[in-house]
Structures are given as C-alpha cells and as structure tokens.
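In: I need the structure of the sequence given here:
(chains A and B)
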Amino acid sequence: MVHYLTVSAILFSLGLFGIMTRKHAVLVLMGIELILNAANINFIAFARFGGMNMDGHIAAIFVIILAAAEAAIALAIILNIYQHFKHVNVDEVNTMKE
Amino acid sequence: MMAQNIILPLSIAILLVPMVSFIINIFFGNKLGKISGLIGTTILGIDLALAIFVAFTKLSTFADLALIQNKVEWFNLGSSKINVGIGIDNIAAIMLIVVTLISFLVHLFSTVYMEGDRRYPKFFAYLGLFTFSMLGIVIANNFLLMYIFWELVGISSYLLIGFWYEKDSASNASKKAFITNRIGDLGFFIGIMILFFTYGSFMFEDVFAGISSGKMPFDNPTLLTIAGMCIFMGAIGKSAQFPLHVWLPDAMEGPTPVSALIHAATMVAAGVYLVAKVFVMFTADALTFIAVIGTITAFISATIAITQNDFKKVLAYSTVSQLGFMIMSLGTGGYTNGFFHLVTHAWFKAALFLASGSVIHAMHHAMHHLHDHHSDPQDINNMGGLRKTMPWTYRSFLFATLALSGVPITSGFLSKDGILAGTLAYANLTGGWRWIIPILGFSAAGMTAFYMFRLTILAFHGKPKTDIAQHTKENKLPIVLPLVILATLSLWFFYSPNPTNASNGWFHQSVVQPATVVPAAYQWDFLMPEQHATTEISGNEHEQHVLPGESSEAKAIETSAAEHVGGHSYANKFQEELHHFHNTAMILSLLIAGFGILLAFMIYQFKIISADKLASILKPLHQFSYNKWYFDELYKATAIGGTLVLAKALSWFDTYIIDGMVNLSSYVTRGFSFFVGLFDNYVIDGIVNLTANVTGYCGNMIRKLQTGSVQAYVAFALLGLLIIIYFFI
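Out: Next comes the predicted model:
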C-alpha cells in the first residue's frame, strides 16, 4: 500500500509544482487534474487495502465526475480570460488588485 | 331670569351678525362682486331687526331692571380672576338701534354710492367689521372688553378712512386719525389700569361698588379724579374733543358713507357713550375738566365751521362742535340730555352726511358728463341751486339742518335745549367763572344755526354757480331713501309728545340719570341724591314708575322719589335747577338760533350784508377761523416737530451708539472666531487627517500582499496548510 501512496504523493507534488510554476492557465488546470488524480489513487488504495471498501470507489467516481464538471467550467473561464486579455498568462491577470 | 334668557343671547347674535358679513365679504368678496353689497345690506337688515326687538323688549318688558348682564371668567392673572361679560342697560339698548339702523342705511346708501369702485366688496367687509366693533363697545359691561372693541373701532376706522389709499391725502388722514386716537387711548388705558390696580376688576359694577365703598386708588382721592380724566382721554381721542379734534375733519377723505357712519353717528359717539357709561364714577373735579373740554370744543369748532368752503369740512366741524355739546352736557351733570343729544344728533348728522354724499355723487356724475376733471366736487362755491335739481336731497338736508340748528318741532331742539338749560343750571349752582360755560355754549349754538344755514343757502339756494351744479340730477332710490328716513327720525314725536319739552317723553323716562357712586366729599352736592330719595335709590336699581295723576313737571324728573314724596321732588338738586331754567334756556336758544339763521339769510340769501366785505373787515378773525385756529400748524411745530427732532436724535444715537456697540461686538466675535478657526483648522482637522493618513498607509502596506497572482495565493494556502498541520499533528 505504501507504494500506492508514494505514487500518489509524487503525483500530488507534481500537480502542486505545476500549479505554482506554470504561467499558462491550461497547464495550471492540468496541475489541478494531477492533484485530483493523486487523490483518486489514494481513495482506490484505501478501498483496496484500508477499510473503505466500496465507499472509496464511489468517492473516486465522484471525484472524476467533479473533475469533468470542473474542467468544463475552468475551460470556459479560461476562454473568457482569453477573450478579455488576449492571452491566458495567469501572472498578468491581476487587475482585481488595483 | 327670563330676561337674560332672551336678551343676552340675542345681543351676542346682534354683535356677531355683522362679523358674518365681514367674513363673507373679505374672503369671498372677489367672487361675489356686486352681490356683496346686497349681502352686506341684507345681513345688516337682519341685525337691525334683532336690535329693534332686543331694545323694545328691554325698554318695555324689562324696564325696571337697570342692567341685564352676565359674565364669565376669562382667565386668571395671578390671584385675580378676570371676568368679562356683556350687559344691556337702557342706553345700550338705544345705542343698539342707533348703530344698526345707521349702519344698515349706510350699507344701503353705499350699494349705489360705491358702485364701480375697484374694492367694492372690501368696502362692505370693512363696514361690517366696523359695525361689529362698535356693537362690542355698546354691549360690553367691563373695561377690558370695551378697550378691546375700542381699539377694533380704531383699526376699522383706519381702514375705512384710508379706503382710497391711492390718494396721499386719504392715507395721511387715516394715519393721522389712528395716531391721534392712540394718544387718547393711552390715557384710557392708564385710567383702566389705575382702576384695575385699585379694585382688582375690570367689571363696571365691581369698580363702582369699590368707589362707593370709599376705597380710593392709593388712598388718594385725587387719583380717582385722575383716573376719571384718563378714561375721559379715551373719549377725547375717539369723540374728537379739543385738543385731539384735528383728526376728524381730515377723516373726511374717506368715502362719504363712511363719514356718515363713523364720523357723525357712531364711532365718535363711542367716546360720549363711554363717558355716559362710567358717568357715575367721575368726581366733581373730573366733571369740571370734562365740561371745560366740551365747552372749548363746542365753541372752537363752531367758529371754524363758519368759514370753511368744503361741504364735508363744514359738517365735520359741526360734528366736532355737537360732540362738544354732548361732552359739555355730561360734564355739567346733564346725563340724560347729553345722551339724548347723542341719539338725536346721530340721526340728523347721518342725514346731513348722506345728503352731502348724495350731492357729491351727483356733482361727480355731472362733472363726468361735462368731461371736467379739475373742479372740486365738494367745494360749496361750485354748487348753488341744487334745490331745483335735487329736491329730495334738499328737503332732507334742510330738515336735518333745522334740527341741528335747534328749531322747534325737531328733535335737535329738544336735546340742545336740555343741554343749554343744564349748563345754566350748572353755572347757577356753582357760580363764578363757570358762567362762561353757558355763555360759550349759547354762542356756539347761535353759530351752529348760522353756519348750517350758510351751507344750505350756498349749496342749495340761489342760481347754480357753475355748469356742473346745473347738470346735477337727483340720485337713485337707495341713496334718497336713507336720507328721508333719517330726516324723518329727527321729528320731535319720536321722543316726546310735547315738542317743547322732552322730559315726559319715553326717552327721558328710560334714560334716567344714575345716582353717583363717588363719596359726597368729592362730588358736587347738587349731584348727590336728595336725602329723602336715598332710601329708594340704591345703586342703579331705579324703579321706573310714573303715577298717572302727576303733573308733567313731576314726571320730568321721574324717580321713585316722586312716588313717595309726590309733587315737585327731584332726584337731586341739579334736576330741580334744570327744570327752573328750562323756559329761560328755551327762549334764549330760540332767540340766538333765530338770530343766527336771520344773519345767514341776510348775508348769503338776500345779500344785504356783503360776505366779502364782512370778511375783509374782520380779516384777522376770518383768517384765524379759516385756518382752523392754526391747530394743524401748531401741532406741526410742536408735537410733530418735536417728534421729528427726537426721532433725529434717536436716529443719531442708533447710528453711532447702538450700531457702534453692535459693530464692536461683531469685531470681538470675529476676532475670537478667527482663533477658534485656527484651532479647528490645525488641531481638530489635524487629528482627523492623521487618523486618515495612518489608516491609508497601513492599507497601502497590506495591499501589497494582494498580488493578484494565483500561484502566490496557492503558495500561501500551502504554507497555511503546513502551519495548521504542524500545530495540529
């Protein structure tokens, strides 16, 4: 089980790294997907070796559905940002602080 | 108390009805337009009917009640309760008819006379207000209400005299009337206050009771005399007595119906009425003062009236003179005759004034017809021959003139005769210098006959002096009818069956001289009730009763005493003396009036004596009279000049001292404010700004954390998470 969790931790760290370092909004979104998937691996691992049983599977499927919805909304936002700023560089989308 | 049940509510109704006319005409007058005159006249007609009913009820059914009155508590002043109320005694009942009838006829007259005036409804509103205030004076039974209505009369006369205020002379005359009246009112007020301070009440009955109990203001009988003189000052102002008589002739600037209503019949009668109402409280000295003022007034204004050329001015001075007669009569103790003359004079003087209005109206129309806008329609030198063109006006005028001159068969003869007999009796009882009062009185009566016939002859007789006079026409019925009614009322039989002696007529039976309340030490002994009569005469409660078998002489001075002693018995010595002088006075006054009339005819009708020549022989006298004894000039130099100098001095004081103080205080305030301003600007504002700056600085510092960079936020969130994990695990 430790291997699964290790993979999951690496995946989570990669996702976090991607979120914090990438400038492109789509890449940031991909980082988020990585984190979600790291969580999914954890759920499955706990369902298989821990005491979660079917609950873990349900939660994983739920996360996948959520991720799909989230991706749809996030892409829509990114599309709007693009229409507004003509780019999707998250570093420069900071007009709210003015 | 049936009497109160009927009479007092009706009296209040009589008082308020003219107010209704005022309210309707002042608020809705512009919408009503020409109907307002009709409304005012109708309302006054109702008022007149009520007044006649009340007066007849009072004089017949309740004749034995001296005074029907009621009072209510109005308010408290410290510990003393202030009562007000209304009371109807016989003179009030008679005055009710006088006021409402003349007011009604004047309304009727004005519906035609004021036709086409721009403020036609307002005129009727003012007439209503005036009638209201005058009726208030009549029915008041206390000084307070009387003073209130007294002032209301003042203001309504101001409004009416200055009705044509576009004319400078009219607005000046109204101011003059008002201010002159104020001087008298001030005295009246002081008198009231002396009495109120002493007796703690405004009610006539309380004051009289206090005086008869021997209580004196500040324990000083002189102050009672002064209080009486002060109250009489009100009458001096309102009744145009010397030295405040100057306003009345100027008041002729008002429309002529106003002159008839105010300056002949009612407002000026208020002063005489007041003196009659409080007659019992005048001491011997106060009465002497009153008699002297009245005599001077009667004489001076008669001399002035002789030379005036303005139709209304002659009548105005004759009014002043007749008012002097009334006051003189009251001052000499002739209460009944004084009040009698007030009533009779009201009728024929109103007739004379309305006739003058009729003439002026006709002259105006004639001038309009001839396109003449420069002549004076009131100048008797522009008239002449009006007898032919205006027969009804002439007849009424002539009859009223006869009454005013004191020709037998008229009411004026009865009353004037009584007054003159009274002055003779007075002079005989007091002696000494007081003989001058009857002498001046008789000469004034002679002059009255002379100037009235001069006026009649110049205006109505002979040939028309101008085209205007030739083109005059008799006026419409609403103008002529009041003249005829008023002139008819000057016949003797309205007052007494005997045309030479009024004393057994209903009037003298109703208006009995009340017993004086002043203690004997301060009153003429001839005005004190005779000893044998005192048992029955208690206060004002005379029993009015005449035995059928008594001779007319005994009835003449009818009191209850007559009933007990029988034969020739009089309420006081004055009445007895008055009776003795009756025939002497009658013959003398007839001779003098006859002489005056004869002289007027000789000079002006038959021109046996040339008026111009006479004037040039007596030039200084003529000038003196023509210029009204230079009273106006005298007042201008003294009172007005003095006031102006004082005003200038006060203005200087205001400009330099008061303004200086004001400016100084303003400078000080400004200096102080400057420092307060500095403190505000730098200290208070500084604190406020400092707070704001600190807050802004902190805000700027903190906002740097808000980078807007999503990655930075994530990093912070991670950091926060790590911290939480570190603390909780």
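In: contacts, neighbours, all on C-alpha from now
Out: Noted.
In: which residues of chain B score low on pLDDT?
Out: Where chain B drops to pLDDT under 70, the residues are B:1-4, B:264-265, B:530-571, B:611, B:707-708.
In: mind listing what residue B:629 touches?
Out: Residue B:629 makes contact with B:300, B:304, according to C-alpha atoms under 8 Å, 6 or more residues apart in numbering or on different chains.
In: name the element the residue minimising distance to the centre of chain A belongs to?
Out: The centroid of chain A falls nearest to residue A:32 when counting by C-alpha atoms, centre = their mean (2.1 Å). Per DSSP states H and E, residue A:32 falls inside helix A:25-49.
In: residues making contact with that helix?
Out: Residues outside helix A:25-49 that contact it (C-alpha under 8 Å, 6+ apart) are A:1, A:4-5, A:7-9, A:11-20, A:22, A:52-57, A:59-60, A:63, A:67, A:71, A:74-75, A:78, A:88-90.
In: in what helix or strand does residue B:474 lie?
Out: Assigned by DSSP H and E, residue B:474 falls within no helix or strand.
In: hmm, back to that, quick one: average pLDDT of the helix holding residue A:32?
Out: The average pLDDT for helix A:25-49 rounds to 89.
In: count of neighbours near the residue in chain A positioned nearest to chain B?
Out: Closest residue of chain A to chain B, C-alpha to the nearest C-alpha: residue A:94 (4.3 Å). Residue A:94 is flanked by 13 other residues according to other C-alpha atoms under 10 Å in any protein chain shown.
In: my guess is it contacts residue B:709, does it?
Out: Yes - between residue A:94 and residue B:709 there is a contact under C-alpha atoms under 8 Å: 6.1 Å.
In: and what about residue B:515, helix, strand or coil?
Out: The local conformation at residue B:515, judged by DSSP: H, G, I helix; E, B strand; the rest coil, is coil.
In: any idea how far it is from chain A?
Out: Distance, residue B:515 to chain A, by C-alpha to the nearest C-alpha, to the nearest Å: 106 Å.
In: shouldn't that residue be in contact with residue B:526?
Out: No - when contacts are counted by C-alpha under 8 Å, residue B:515 is not listed as touching residue B:526 (11.3 Å).
In: PyMOL command for the buried members of the contacts of helix A:25-49?
Out: Here is the PyMOL command that selects only those of those that count as buried (16 or more other C-alpha atoms under 10 Å in any protein chain shown):
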select buried, chain A and resi 5+8+9+11+12+13+14+15+16+17+18+19+20+22+52+56+57+59+60+63+67+71+74+78+88+89+90
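In: which of the contacts of helix A:25-49 fall in helices?
Out: Among those, the ones falling in helices (DSSP state H) are A:4-5, A:7-9, A:11-20, A:54-57, A:59-60, A:63, A:67, A:71, A:74-75, A:78.
In: for the residue of chain A closest to chain B, phi and psi?
Out: The phi/psi pair for residue A:94 (degrees, to the nearest 10) reads phi -140, psi 30.
In: residues of chain A that sit close to chain B?
Out: For chain A, the residues found near chain B under the criterion C-alpha under 8 Å from any C-alpha of the partner chain are A:19-21, A:90-97.
In: now pLDDT and distance to residue B:362 too, for the residues you listed, in CSV please.
Out: Shown next, in CSV, are those (pLDDT from 0 to 100; distance: C-alpha to C-alpha, whole Å):
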residue, pLDDT, distance to residue B:362
A:19, 85, 116
A:20, 83, 116
A:21, 85, 118
A:90, 78, 108
A:91, 75, 108
A:92, 77, 105
A:93, 76, 103
A:94, 71, 102
A:95, 71, 98
A:96, 66, 97
A:97, 62, 98
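In: what residues are up against residue A:85?
Out: With contact set as C-alpha under 8 Å, 6+ apart, residue A:85 has these partners: residue A:93.
In: what residue in the stretch 501-650 of chain B comes nearest to chain A?
Out: Closest point on the stretch 501-650 of chain B to chain A, by C-alpha to the nearest C-alpha, is residue B:650, at 71.9 Å.
In: name the element that residue belongs to?
Out: Residue B:650 belongs to helix B:641-652, assigned by DSSP H and E.
In: before we move on, the earlier item: count of residues packed around the residue of the stretch 501-650 of chain B closest to chain A?
Out: 14.
In: ok, the one 3 residues further on next?
Out: In terms of burial, residue B:653 registers 13 neighbours under the definition other C-alpha under 10 Å.
In: ok, it - contacts?
Out: Taking C-alpha under 8 Å, 6+ apart as the test, residue B:653 contacts no residue whatsoever.
In: that one and residue A:63: what is the separation?
Out: Distance of residue B:653 to residue A:63, computed by C-alpha to C-alpha, to the nearest Å: 99 Å.
In: which bits of chain B sit near chain A?
Out: Proximity of chain B to chain A, by C-alpha under 8 Å from any C-alpha, involves residues B:703, B:706-712, B:714-715.
In: adding neighbour count and secondary structure, write those out as JSON lines.
Out: Output for the residues of chain B next to chain A, formatted as JSON lines (neighbours: other C-alpha atoms under 10 Å in any protein chain shown; DSSP: H, G, I helix; E, B strand; the rest coil):
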{"residue": "B:703", "neighbour count": "12", "secondary structure": "helix"}
{"residue": "B:706", "neighbour count": "14", "secondary structure": "coil"}
{"residue": "B:707", "neighbour count": "16", "secondary structure": "coil"}
{"residue": "B:708", "neighbour count": "18", "secondary structure": "coil"}
{"residue": "B:709", "neighbour count": "16", "secondary structure": "coil"}
{"residue": "B:710", "neighbour count": "19", "secondary structure": "helix"}
{"residue": "B:711", "neighbour count": "21", "secondary structure": "helix"}
{"residue": "B:712", "neighbour count": "16", "secondary structure": "helix"}
{"residue": "B:714", "neighbour count": "14", "secondary structure": "helix"}
{"residue": "B:715", "neighbour count": "15", "secondary structure": "helix"}
